[in-house]
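Participant: Please work out how this folds:
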Amino acid sequence: MGRKIKDYFTIGLKGMAMGAADTVPGVSGGTIAFISGIYEELITTIGNVDYALVTEWKNKGFAAFWEKLNGSFIVALLTGVLISVFTFMRLASYLLEHHPILIWSFFFGLVIASIWFVAKQITQWKIANFIGLILGAILAFYITTLPVGASNDSYMYLFMSGAIAVCAMILPGISGAFILVLLGAYETITKAVHDFDLKKVAVVGLGAITGLLLFSKVLKWLFQHYKNLTLAVLTGFIAGSLNKIWPWKHVLETKMFGDKEKVINEESVLPWNFNGESYLLYAGLLMLAGFLLIIILEKVAEEKPEGNAANPNV
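Facilitator: As a prediction, this is how the structure comes out:
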């Protein structure tokens, strides 16, 4: 039995959650996709995009092409992502500037719960899986310690930034927005979205589509042949990324980009070693709220499994 309208509405809401997560440098939309139960379908659907779809359209018509593409799923999810990006990005920028400890605390709790959620999907723990988890955590941690790159708004650079960042966006634990920060393209892209500079947005989008089509095929193959190892590495990615979203930071180095001073290097510190008000009570409550949100989402998903009946190719 195929999906109903309300199912696609739910997928759209999941897309909005993914988009909201991806606007925060340090939180991955891929993590949200995994938690909400659509990750493997998303990777498989994107990985199935190839020339065979064109042949399907020619030989069997648009309806067969749309079904093989899993087009309704893509449209519902992408609509949710775009709505969230164009609405939540401004709010995220404001919160990160004025209430960084509080927003990072919420996402820290969310990601802590995500580690447990992804790890429990592993059906068999072998030595290779433990090694993959450790290497994934080391790599993600190393990425979080890299200094921020200088701003660059050339179209070729924005295209490449979109292609690289989208690979991170669909990996649980690796934040596409944070990769954009490292590449020096985050501010340019957020400004383009804010000002509705559709030319720059389109260039980044084209780069993202290119990177997504290529990288999703790799992920699809990994899930088909090395699912437990892949999940272990993804668990490590999420754990290693916690350094980036730890709420209390000490600034080590700043640099002027145009007329604005930006933090390019910082380190995590304990709350009681943090200069100024640490908001410890509120931060703790928001961490708990983020953690419980994942637990609640998991329980809801268990009670109402969606399945992939609408797409026989998944």
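Participant: switch to C-alpha atoms for all contacts and neighbour counts from now on
Facilitator: Fine.
Participant: Would you mind giving the secondary structure of residue 123?
Facilitator: What DSSP: H, G, I helix; E, B strand; the rest coil gives for residue 123 is coil.
Participant: and the residue nearest to it when sequence neighbours are not counted, what element?
Facilitator: Once flanking residues are discounted, residue 123 sits nearest to residue 228: 6.8 Å by C-alpha to C-alpha, 6 or more residues apart in numbering. For residue 228, the host element (DSSP states H and E) is helix 227-240.
Participant: And the average pLDDT for the helix or strand following that helix is what?
Facilitator: Later in the chain than helix 227-240, the nearest helix or strand by DSSP H and E is helix 242-245. Averaging pLDDT along helix 242-245 gives 82.
Participant: who's in contact with helix 242-245?
Facilitator: Residues outside helix 242-245 that contact it (C-alpha atoms under 8 Å, 6 or more residues apart in numbering): 26, 27, 104, 105, 107, 108, 111, 112, 141, 144, 145, 268.
Participant: Next, format those as JSON lines and append distance to residue 224, secondary structure and neighbour count.
Facilitator: Converted to JSON lines, those look like this (distance: C-alpha to C-alpha, whole Å; DSSP: H, G, I helix; E, B strand; the rest coil; neighbours: other C-alpha atoms under 10 Å):
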{"residue": "26", "distance to residue 224": "28", "secondary structure": "coil", "neighbour count": "27"}
{"residue": "27", "distance to residue 224": "26", "secondary structure": "coil", "neighbour count": "31"}
{"residue": "104", "distance to residue 224": "34", "secondary structure": "helix", "neighbour count": "25"}
{"residue": "105", "distance to residue 224": "35", "secondary structure": "helix", "neighbour count": "26"}
{"residue": "107", "distance to residue 224": "30", "secondary structure": "helix", "neighbour count": "25"}
{"residue": "108", "distance to residue 224": "30", "secondary structure": "helix", "neighbour count": "27"}
{"residue": "111", "distance to residue 224": "25", "secondary structure": "helix", "neighbour count": "28"}
{"residue": "112", "distance to residue 224": "27", "secondary structure": "helix", "neighbour count": "18"}
{"residue": "141", "distance to residue 224": "27", "secondary structure": "helix", "neighbour count": "21"}
{"residue": "144", "distance to residue 224": "29", "secondary structure": "helix", "neighbour count": "24"}
{"residue": "145", "distance to residue 224": "32", "secondary structure": "coil", "neighbour count": "16"}
{"residue": "268", "distance to residue 224": "37", "secondary structure": "strand", "neighbour count": "16"}
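Participant: Pipe the residues you listed into CSV and attach pLDDT per row.
Facilitator: As requested, the contacts of helix 242-245 are arranged in CSV below (pLDDT from 0 to 100):
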residue, pLDDT
26, 63
27, 68
104, 84
105, 87
107, 82
108, 86
111, 81
112, 86
141, 86
144, 77
145, 79
268, 76
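Participant: contacting residues around stretch 144-164?
Facilitator: Taking C-alpha under 8 Å, 6+ apart as the rule, stretch 144-164 contacts 179-185, 187-188, 200, 203-212, 241, 243-244, 257, 263-265.
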